[in-house]
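> okay, sequence plus prediction incoming.
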Amino acid sequence: MKIDHKLDAILQPLRITPGWCVDFNRFTILDPAIETAGYFYGTELFSASNRSSSKEIKLCFEPEGDPNGQYVLSFYKVKWNSHTKSPDFTLIRSILSTSRTEIVEAIEIFMSIEVTCPHE
């Protein structure tokens, strides 16, 4: 029986504030290294949304699986487009970091503040 090693790591604890829904989570307590490179593959490591405040968070790691890579954390304001019947995403801010703790702090701060889109 083959066990997917990507499922055996402990997820990174996060303080999720009310109203947020975690859509996808593979963000672990592991830091990038040759031994842990398998945990840093995939399009996204973490995704969360807040419908009431129309915000979304996406976290990925680039280049995928490279121990010398970095986290890419993106914050979006989401508006529903009634013409295309799909969401329009406006990037509010992007953070590049090699520090997992810095990324955790940024996620938790973003979840707790009100954000307005500069184009509104």
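Everything's here; your move.
> which regions of this structure lie under the pLDDT threshold?
1-7, 114-120 (pLDDT under 70).
> nearest spatial neighbour of Gln12, chain-adjacent residues omitted?
Phe27 (4.7 Å; C-beta to C-beta, 6 or more residues apart in numbering). (Glycine included, C-beta is placed from N, CA and C.)
> for this structure, which segments are assigned as strands?
21-25, 46-50, 55-62, 70-81, 86-97 (DSSP state E).
> export stretch 25-44 as CSV, just CAs?
Extracted in CSV, the C-alpha atoms of stretch 25-44 (Å, rounded to 0.1, in the frame of the first residue of the first chain):
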residue,chain,number,x,y,z
ASN,A,25,-5.5,23.8,2.7
ARG,A,26,-2.2,22.1,2.2
PHE,A,27,-0.2,24.7,4.1
THR,A,28,2.0,22.7,6.6
ILE,A,29,4.3,23.5,9.5
LEU,A,30,7.2,22.4,7.4
ASP,A,31,9.8,24.8,6.0
PRO,A,32,11.2,24.3,2.5
ALA,A,33,14.2,21.9,2.4
ILE,A,34,15.4,19.2,0.1
GLU,A,35,13.7,16.6,2.4
THR,A,36,10.4,18.4,2.4
ALA,A,37,10.2,19.5,-1.3
GLY,A,38,7.3,17.2,-2.0
TYR,A,39,5.1,19.3,0.2
PHE,A,40,5.6,22.4,-1.9
TYR,A,41,4.1,21.1,-5.2
GLY,A,42,0.7,22.1,-6.5
THR,A,43,-1.0,25.2,-7.8
GLU,A,44,-2.1,26.3,-4.4
